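A.B. asks: here's my sequence, what's the structure:
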Amino acid sequence: MGEADTSTETAGGVRGSLREFFEFDRYGTDLGTEAVAGLTTFLTMSYIVVVNPAILSNAISLQGYSQPQVISMLAVVTALSAALATFIMAVYAKRPFAQAPGLGLNAFFAFTVVLTLGVSWQTALAAVVVEGILFIALTAVGARKFIIRAFPEPVKFAVGSGIGAFLALIGLQAMGIVVPDPEGTYITLGNVASNPVAILSVIGLFVTFALYARGVTGSIVIGILLTAGAGYAVEFLGLVAPGTLTVNVTPPVYDITPLVGAFLTGFGNVEPFGFALIVFTFFFVDFFDTAGTLTGVGQAAGFLDEDGDLPEIEKPLMADAVGTTVGGMLGTSTVTTYIESATGVEEGGRTGMTALVVAGLFVLSLAFVPIAAAIPLYASHIALVVIAVVMLQNVTAIDWDDITHTVPAGLTILIMPFTFNIGYGIAAGIISYPVVKAAAGEWEDIRPTQVVLAAAFVLYFVVTTGGILESAV
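C.D. replies: Residues are numbered from 1 along each chain as shown. Below you'll find the predicted structure:
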């Protein structure tokens, strides 16, 4: 038997093993589909390799290192934590969900905990690790699964559409189509006709929609790459100023030893009550962000059962908990499951193979940290708008004729984009559900755990928006 035959047999054996391990036949998928889905998810969330270091570097400084060097170290840590967490999701949970340090949580880490409250960044990392360990313990005993299954039905079915609206806002902002308007309507239409980023984004968006409508395999990836390539071409031809449509990638620094294990020193000089409140805030936001993402993306993938629950949710929850713990130990803020996973699901990803591809691409990005920066933000975020439009169809699962469903579902959908937070939308739905049910006299539909959750969210908002956190630290 020749070398070519041996290689073919080996490749066939690997494909067969992957098909069996990830149960391709059960989900009606194949290796090619899963690979395209993984690439799509990676491209839409790869911005985190650039954005996370940019945010955390405001709070993290290292003696003897310049800010660009710190940013480079954080990029390596971001890619590593994303790769490790997503790998666990792939081989343990076997779900097409990708993980990385979460936006919003990193901003809370840097601007609130460190810069506003004056807590050292090492102590903030210690809070992240403690949060992760708590998640592991709660997941192991089934507490997180129990709480998530206590979500009211209308909230579960509204999460997908709320995430869609949230994704649309993120994408449209990155594309320059929606911009801040603090003096008028808070947000407004950008100068689309005069902004090169917005012009190219609009063209790329409609090209992607056209490819998607034609049923072209990998249409989202193709749209992203075409848009990014057009940006580089336009700039190369001198039609716009340098740096307008492209991103400058700096040489990497791979030595992350100053960050790894830094959380250990953060346990010194800790004020117990203030530290507990910080852990509490990280815990609450991450808990319900993850719950919302798993439910919303699970709905898009058709994973939810007739009660709106994700079967074996404890496995992706455990992967998420371990990811947070490892991320904090490496030197980054809370790792969470990404809503951008919905883009890979829309491309047909249904198994852990999608997540395995994402993990592999994050590892590959280490060779050219940050390789993801080669894809401009406006190009990658086209995918978010496309998938947002698709996810809006989830509203059909909601019983809009029942006001006790309309109110919590409507609030869940509306609050997410307007507060830029998935957890807040879920909170609004959970708090309102027992209120409207009681007002309608439908007491039998209210479960004790739902009342406890509503009360917990009220307490959370009192702590975080009533000045208690600031005064305790």
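
A.B. asks: so Val216 touches Leu226, yeah?
C.D. replies: No. Counting by Cβ atoms under 8 Å, Val216 does not reach Leu226; the two are 11.6 Å apart. C-beta here means a position set from N, CA and C on the backbone, and glycine is covered the same way.

A.B. asks: out of those two, which sits in the busier spot?
C.D. replies: For Val216 versus Leu226, neighbours defined as other Cβ atoms under 10 Å are more numerous around Leu226 (17 against 14).

A.B. asks: which residue is nearest the middle of the chain?
C.D. replies: For the chain, Tyr338 is the residue whose C-alpha lies nearest the centre (Cα atoms, centre = their mean; 2.2 Å).

A.B. asks: got the contact list for it?
C.D. replies: Neighbour list for Tyr338: 41, 45, 48, 97-100, 102, 293 [criterion: Cβ atoms under 8 Å, 6 or more residues apart in numbering].

A.B. asks: of those, buried ones?
C.D. replies: Among the contacts of Tyr338, those buried by neighbour count (16 or more other Cβ atoms under 10 Å) are 41, 45, 48, 97-100, 102, 293.

A.B. asks: inside helices: which ones of the residues you listed?
C.D. replies: The helices, defined by DSSP state H, take in 41, 45, 48, 293 from those.

A.B. asks: check these and tell me the two furthest apart.
C.D. replies: Pairwise distances across those (Cβ to Cβ) peak at 14.2 Å, for the pair Ile48 and Thr293.

A.B. asks: could you give the average pLDDT over stretch 348-363?
C.D. replies: The predicted model gives stretch 348-363 an average pLDDT of 95.

A.B. asks: how about stretch 366-377?
C.D. replies: In this model, stretch 366-377 carries a mean pLDDT of 67.

A.B. asks: what about it, start to end distance?
C.D. replies: 19 Å (Cα to Cα, to the nearest Å).

A.B. asks: can you give me the strands in the stretch 1-150 of the chain?
C.D. replies: Assigned by DSSP state E, counting those that start in this stretch, the strands in the stretch 1-150 of the chain fall at 99-101.

A.B. asks: now the stretch 251-400 of the chain
C.D. replies: 335-337.

A.B. asks: what's the closest non-adjacent residue to Gly348?
C.D. replies: By the measure of Cβ to Cβ, 6 or more residues apart in numbering, the closest residue to Gly348 outside its immediate chain neighbours is Thr33, 4.2 Å from it.

A.B. asks: per-residue confidence at that neighbour?
C.D. replies: Value for Thr33, per-residue pLDDT: 93.

A.B. asks: give me the distance between it and Tyr338.
C.D. replies: Distance, Thr33 to Tyr338, by Cβ to Cβ, to the nearest Å: 20 Å.

A.B. asks: can you check Val358 too?
C.D. replies: 9 Å.

A.B. asks: now do stretch 443-453: distance to the chain's middle.
C.D. replies: Counting by Cα atoms, centre = their mean, to the nearest Å, stretch 443-453 is centred 29 Å from the centre of its parent chain.

A.B. asks: end to end on it, go ahead and measure it.
C.D. replies: By Cα to Cα, the extent of stretch 443-453 from end to end equals 16 Å.

A.B. asks: just the buried residues of it, please?
C.D. replies: Within stretch 443-453, the residues that qualify as buried are 446, 450, 453, counting by 16+ other Cβ under 10 Å.

A.B. asks: contact partners for the first one?
C.D. replies: Ile446 sits next to 433-434, 437-438 when contact means Cβ under 8 Å, 6+ apart.

A.B. asks: out of those residues, which are buried?
C.D. replies: Applying 16+ other Cβ under 10 Å to these, the neighbour count classes 433-434, 437 as buried.

A.B. asks: what about these, which are in helices?
C.D. replies: Among these, the ones falling in helices (DSSP H) are 433-434, 437.

A.B. asks: who's in contact with stretch 395-413?
C.D. replies: Residues contacting stretch 395-413 (Cβ under 8 Å, 6+ apart): 152-155, 157-159, 161-162, 165, 299, 308, 425-426, 428-430, 432-433, 436-437, 440, 442, 445.

A.B. asks: check stretch 65-80 too.
C.D. replies: Here stretch 65-80 makes contact (Cβ under 8 Å, 6+ apart) with 48-50, 52-54, 56-57, 60-62, 100-101, 250-256, 258-260, 327, 330-332, 362-363, 365-366, 369-370.

A.B. asks: and for stretch 203-213?
C.D. replies: Identification of contacts with stretch 203-213 by Cβ under 8 Å, 6+ apart yields 175, 219-220, 222-224, 226-227, 230, 378-379, 382-383, 385-386.

A.B. asks: same thing but 10 Å
C.D. replies: The contact list for stretch 203-213, computed with Cβ atoms under 10 Å, 6 or more residues apart in numbering, reads 171-172, 175, 177, 216-231, 346-347, 378-379, 381-383, 385-387, 389-390.

A.B. asks: how about it: buried residues?
C.D. replies: Across stretch 203-213, burial judged by 16+ other Cβ under 10 Å covers 204-205, 207-209, 211-212.

A.B. asks: any idea how far it is from the middle of the chain?
C.D. replies: What separates the centre of stretch 203-213 from the centre of its chain is 24 Å, taken as Cα atoms, centre = their mean.

A.B. asks: about what we covered before: which among the buried residues of stretch 203-213 gets closest to Phe108?
C.D. replies: Taking Cβ to Cβ as the measure, Phe108 lies nearest Leu205 of the buried residues of stretch 203-213, at 30.6 Å.

A.B. asks: now Thr265, nearest residue through space, not along the chain?
C.D. replies: In this structure, Thr265 finds its nearest non-sequential neighbour in Gln122, 4.8 Å apart by Cβ to Cβ, 6+ apart.

A.B. asks: what about the one you found, how many residues nearby?
C.D. replies: Taking other Cβ under 10 Å as the criterion, the count of residues near Gln122 is 20.

A.B. asks: now Ala107
C.D. replies: By the measure other Cβ under 10 Å, the count of residues near Ala107 is 18.

A.B. asks: and for Ala276?
C.D. replies: Per other Cβ under 10 Å, the neighbour tally for Ala276 reads 15.

A.B. asks: and the closest residue in space to Ser120 that isn't next to it in sequence, how far from Val113?
C.D. replies: With sequence-adjacent residues excluded and distances taken as Cβ to Cβ, 6+ apart, Ser120 is closest to Gly266, at 6.3 Å. Gly266 is 11 Å from Val113, where distance means Cβ to Cβ.
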